[in-house]
Structure formats: C-alpha cells, structure tokens
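Colleague: sharing a model that was predicted from the sequence below.
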Amino acid sequence: MTGFYRDAYDLVSNSSDFVVDEETGDVRYTLFKNEGKGRSYGAEFLLRHYPHKRFFGWLAYTLSRSERLDLDTGEYAVFDYDQTHILTGVAGYNLPYNFDISMRFRYVTGNPYTPIVGSVFNADENSYSAVNGDPNSARNKAFNQLDIRLDKSFVYDRWMFGVYLDVQNVYNASNAEGVQYNYDYTESAPINGIPIFPNIGLTAKF
C-alpha cells in the first residue's frame, strides 16, 4: 500500500489581462499566465502473484482525487482528468508448446465534464449558443474493458520468433469518451471509444 500527495504550482492558466502601449495606444492581451495551482492525493494498493507453476498475475487499485484551484473563486474544484477509482487486474498462464495466454481487466471512473443545461438562440448567426452548467459537475460513465492475448513462441539458437492474437474489448463494452449534442442542445448522446478490436502481430527477439 502506498499513499501519495502531489502539489502543483505555476501551472499555465487563462488570463484576460491586457497592457496598453502609452505611445501607440495599442492593446496587448496576456492570454496565459503561470498562476495555476493544483493537487492530487490518494492511495494505491497492489497485490501481486509472482510467476510460479506457470501462473502470474497482479491486482491493483487506486483511490485518488485530483483538483485545480479556481482563480475566480479561490476554491479547489475537481480536475478535468480526475479518476476516483482505478482497478486493474492482470493474469497470465504459460501453456505447453510455448503458448502463453494472458488477460487484463480495467475499471476506471469516468472523467468529469461540464454539462450543457440549455441554449439561447443567436439571431445574428442563426444558431444556438450553449448555456453551461457548473464546471465539471457531471461525469462520463465508468470505463470497463477486458483484453485477452494468446502468444506462440518459436525458439531458435540465437533468436526467438513470436506470433500473437490480441483481442481488445472482448465483450464489446460501450465506453463513453465524451458527449455530443444536437443543433439546439436539447438532446445528447455519448461519444464511445473503440468497439471489440482483434489484431494479429509478429515479434522477433535476438
């Protein structure tokens, strides 16, 4: 078990400050500053089974919180990439005839995002402008995925050749990576990641 705390400062942040040139009257805006602050803290747990009798594996869990300072309010708020729960399990087994089979399962809390709670019609542009809700007050659905891989090795005197079949997202989970809206923001749907993805590859070691 490991506890951690990370303090971040001098982060790049947006700025609306500007400077007026006294001679020319030109306005120069300061778009970015290094005034951002943040913090991350939590704990990690790892249970490992060392390779023994053809089997190996490990189980890891992280409980964490990641925040950034809101320069307008002076309060900390959840960060865009905050992931409260991260669970990863890996297992492998050495089969006869130089075959190996392994699997990986992952479960991760969905990333936060700022929801759109309404819209206003912009007559000048003949389009709708979004009305945002509280920053990062909603989250995508949790990510979960199972991957399975089968390897076959051919061992020679000075080198080793391998062939593998790697199937990602075995049970074809629909994992949301974002949100898309219709033209007037009255309807929304998740933007999903990759579906089931089998692939074949070759490896060589000298």
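Modeller: Nice, thanks for sending it over.

Colleague: S129 against I116, yeah?
Modeller: No. Using C-beta atoms under 8 Å as the test, S129 is too far from I116 to be in contact (10.1 Å). C-betas here are computed from N, CA, C, even on glycine.

Colleague: tell me the buried residues in the top strand by length along the chain?
Modeller: Criterion DSSP state E: the longest strand present in the chain is strand 32-52. Neighbour counts using 16 or more other C-beta atoms under 10 Å place G36, K37, R39, S40, G42 of strand 32-52 among the buried residues.

Colleague: one more: stretch 98-110?
Modeller: D100, S102, M103, R104, F105, R106, V108, T109, G110.

Colleague: which residue is the nearest non-sequential neighbour of E35?
Modeller: Nearest residue to E35 in three dimensions, chain neighbours excluded: S13, at 5.2 Å (C-beta to C-beta, 6 or more residues apart in numbering).

Colleague: which strands and helices sit next to the one helix or strand the one you found maps to?
Modeller: In the assignment (DSSP states H and E), S13 maps to strand 2-14. With contacts defined as 3 or more C-beta pairs under 8 Å, 6 or more residues apart in numbering; DSSP states H and E, strand 2-14 has these neighbours: strand 32-52.

Colleague: just give me how far the strand it packs on sits from the chain centre.
Modeller: On the basis of C-alpha atoms, centre = their mean, to the nearest Å, strand 32-52 is displaced by 13 Å from the centre of the chain it belongs to.

Colleague: just put the buried residues of strand 32-52 in TSV and tack on distance to T24.
Modeller: TSV is the format used below for the buried residues of strand 32-52 (distance: C-beta to C-beta, whole Å):
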residue	distance to T24
G36	31
K37	35
R39	42
S40	45
G42	52
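
Colleague: so who does the closest residue to T84 other than its chain neighbours touch?
Modeller: Sequence neighbours aside, T109 is the residue nearest to T84 in space, at 4.3 Å (criterion: C-beta to C-beta, 6+ apart). With contact taken as C-beta atoms under 8 Å, 6 or more residues apart in numbering, T109 is in contact with D82, Q83, T84, H85, I86, R139, A142, F143.

Colleague: repeat that with 7 Å
Modeller: Each residue near T109 by C-beta atoms under 7 Å, 6 or more residues apart in numbering is listed here: Q83, T84, H85, A142.

Colleague: which ones are touching the residue lying farthest from the centre of the chain?
Modeller: Largest separation from the mean C-alpha position in the chain: E23, at 48.8 Å (C-alpha atoms, centre = their mean). Residues counted as contacts of E23 (C-beta under 7 Å, 6+ apart): none.

Colleague: three-state assignment of it?
Modeller: coil (DSSP: H, G, I helix; E, B strand; the rest coil).

Colleague: what does F121 give?
Modeller: Under three-state DSSP, F121 comes out as strand.

Colleague: just give me the neighbour total for it.
Modeller: The local packing of F121 (other C-beta atoms under 10 Å) involves 10 other residues.

Colleague: repeat for Y76
Modeller: 14.

Colleague: so in terms of bridging, what pairs with it?
Modeller: Y76 has these beta-bridge partners by DSSP bridges: L69.
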